[in-house]
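> Pasting the sequence and the predicted coordinates here, then a few questions.
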Amino acid sequence: MLDRRTTYWALYLPPLFWLGVFFLAPLALMAAFSLRADMSANLLQDWTPTLKQYADLFEAGTYWRLLAISVLMALIVAVIATLLAYPVAYFLAFRVGVRASFYLILLLVPFWTSYLLRVMAWKIMLGSNGVINSFLIYTGLTDEPLPALLYNRTAVVITLIYVWIPFAALPILAALQRIDPALFEAAADLGAAPARRFWRVTFPLSLPGVLAAFFLVFIPTVGEYVTPLLVGGSQGSMYGNIIQDFFSKAANWPLGSALSMIMLVVTMALVLVAMRFVDLRRLIE
Amino acid sequence: MSVYTARPRTVRAPSLLRGYYVGLIALLYLPIGVLFLFSINANATLSFPLQGLTLGWYEKLFESEAVLRAARNSLVVAAGSSFVATALGTMVALAATRYSSRSRGLLVALAVLPLIVPFVVLAVALFLLFEQAFDVDRSLWTVGAAHTIVALPYVLLIVAARLAGFNPHLEEAAMDLGAAYPTVLRRITLPIIAPAMLAAWLTAFTVSFDEFALALFLAGTEPTFPVYLFSQLRFANRLPIMIALAVLLMIGTLTLVFIAERIRRSE
């Protein structure tokens, strides 16, 4: 019969094995691949590690520019989505009372629907003979379709903000709900006006939630490639799209792997920064 | 009742906030509503004004062999990968919450890490694994393997929350009465966390069913639903059919998410 200790390893080893094979090994393989000079030989054949791909990347400024643009776009998306989500979270935390769960679910339904489909919906909304343009023409607000709505970085940013707002509201809501109501009473007793109560009591106490929302949107958005693929076109591509390109159109896997490694390192660095500000364990609970 | 209101309330602000909430909700639902409208619009071009209503696109959808095949592919991948993810995720959750061994930290960190790694990076890495190291053709199997990895953190979080929430004395009592630990797991622990495992399984299922970023890299000749949908987007005359497909897909995943949420919240 299995004792408690053996049971532990019986629980421990299968997931460890699985994650090792399908998570760690591929990442290690990608790291190894980024050190290859070219992709002529098979992986199992002998090859000398080289930093050629990284050297090429450092020389060509375009990749860094695109990475910087992607970080900037993610920053804009995260800031605006968090700002737009704050009043909603505040409304849900303090103004709806018993129907709170209904209002919350109403907010979350769009988030629960498929990501691809919501992005696709925006493609249809923004297209040159899409919903917004045909509506503008139909109502006589313009004669010509506005061409600049789709296939640029603005379209990507708008779509991403749309996708993230409901999600950004969640950590802010959690932070607001943790505030002890007695603090508001105390502030009122001491004569603080509503606006002052908000800026001196509510807002500072909700900051951990605000920061969590910001990072939870910011970090995944840096590595985004699906939304630019659908609504960005060639004008609106992000860093993730060139990685994808090197594995599909321009088959250059070592260079693609090097780009991907940089993406991985940047993301991990951002997570470490986020962990200085946000207690991630608290989010899980 | 206190003389002072316990909440930071002003006279004017509530209606303003409510208006903001209603406006934002309307904006959030607008694109989804538009999708629905065009799925029953008689005209094939996606523009206003609508040209009358039809269910024809839905009919065409069910006549299409390729659509049904993609649907079947996604169901198979989602069912398989969510089963594996639930089993493995529950094991990690048990090892993490029922033992104090130092090695558990490593496993938990490893199991949560897929949440952080960008999908494009994971997709590229798995692509290299299958193409170069395993030398296997990309297929529904490779998509399924990828989906077990990204669904695992969700399972872990849902099941671990349940495990943390119930009284460990129940397990201790059973062991005091002479039950061996595996028996305790089977007879006490698993029945108690069964609803959480079901919710986790449904969540893993929808994660896989909706997943596009990894599937685009890893699907071979057999597309999953989202990959198929994406491949059809460039054919303008098929767009209304694809929108009808999108609406059905949306309703399907929403139903699953609702069931999962109900189970999770009812505990």
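Received, thanks.
> Is chain A within reach of the longest helix anywhere in chain B?
The single longest helix within chain B, with elements called by DSSP state H, is helix B:65-98. Yes. Counting by C-beta under 8 Å from any C-beta of the partner chain, chain A is contacted by helix B:65-98 at B:84, B:88, B:89, B:91, B:92, B:94, B:95. Heads up, the C-betas are built off the backbone N, CA and C, glycines and all.
> neighbours around the second one, how many?
It stands for residue B:88. When counting by other C-beta atoms under 10 Å in any protein chain shown, one arrives at 24 neighbours for residue B:88.
> Could you look up the SS state of residue A:142?
At residue A:142 the chain is in coil, as set by DSSP: H, G, I helix; E, B strand; the rest coil.
> mind listing what the residue nearest to it when sequence neighbours are not counted touches?
Spatially, and ignoring its direct neighbours in sequence, residue A:142 is nearest to residue A:136 (4.7 Å; C-beta to C-beta, 6 or more residues apart in numbering or on different chains). Neighbouring residues of residue A:136 by C-beta atoms under 8 Å, 6 or more residues apart in numbering or on different chains: A:142, A:145, A:146.
> where in chain B is pLDDT low?
For chain B, applying pLDDT under 70 flags the ranges B:1-14, B:45-50, B:267.
> Sketch out the helices for it, chain order is fine.
Using DSSP H, helices in chain B cover B:13-39, B:56-63, B:65-98, B:104-112, B:119-128, B:140-165, B:169-176, B:181-184, B:190-210, B:213-218, B:225-232, B:239-265.
> next SSE after the helix or strand harbouring residue A:86?
Using DSSP states H and E, residue A:86 sits in helix A:61-94. Next helix or strand after helix A:61-94 toward the C-terminus (DSSP H and E): helix A:100-112.
> State the next helix or strand along the chain beyond that following helix.
Going down the chain from helix A:100-112, the next helix or strand is helix A:115-126, by DSSP H and E.
> near chain A, which residues of the stretch 151-267 of chain B?
B:152, B:157, B:161, B:180-182, B:185, B:210, B:212-213, B:216-217, B:226, B:229-230, B:233, B:243, B:246, B:249-250, B:253-254, B:257, B:261.
> what's the angle from the helix or strand harbouring residue A:188 to helix A:61-94?
When secondary structure is defined by DSSP H and E, residue A:188 falls within helix A:181-189. Counting by axes from the mean of the first three to the mean of the last three C-alpha atoms, to 10 degrees, helix A:181-189 points 80 degrees away from the direction of helix A:61-94.
> Which strands or helices does the helix or strand that helix A:181-189 is followed by pack on?
Using DSSP H and E, the helix or strand that follows helix A:181-189 towards the C-terminus is helix A:194-197. Contacts defined by 3 or more C-beta pairs under 8 Å, 6 or more residues apart in numbering or on different chains; DSSP states H and E place helix A:194-197 against helix A:181-189.
> Please see if the helix it packs on touches chain B.
Yes. Interface with chain B: helix A:181-189 contributes A:181, A:182, A:184, A:185, A:187, A:188, A:189 (C-beta under 8 Å from any C-beta).
> list the helices and strands that helix packs on?
Using 3+ C-beta pairs under 8 Å, 6+ apart: helix A:181-189 touches helix A:194-197.
> what would the helices of chain B look like in CSV with distance to residue A:231?
Shown next, in CSV, are those (distance: least, C-beta to C-beta, whole Å):
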stretch, distance to residue A:231
helix B:13-39, 11
helix B:56-63, 23
helix B:65-98, 22
helix B:104-112, 30
helix B:119-128, 17
helix B:140-165, 23
helix B:169-176, 51
helix B:181-184, 52
helix B:190-210, 18
helix B:213-218, 15
helix B:225-232, 13
helix B:239-265, 15
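> Which of the ones you listed sits closest to residue A:67?
Shortest distance between residue A:67 and those, using C-beta to C-beta, is found for helix B:119-128: 12.9 Å.
> of all of the stretch 51-200 of chain B, which residue lies closest to chain A?
residue B:118 (2.7 Å; C-beta to the nearest C-beta).
> Pull the number of nearby residues for that residue.
Neighbours of residue B:118 (other C-beta under 10 Å): 24.
> which non-adjacent residue is nearest it?
Per C-beta to C-beta, 6+ apart, closest to residue B:118 is residue A:223, 2.7 Å.
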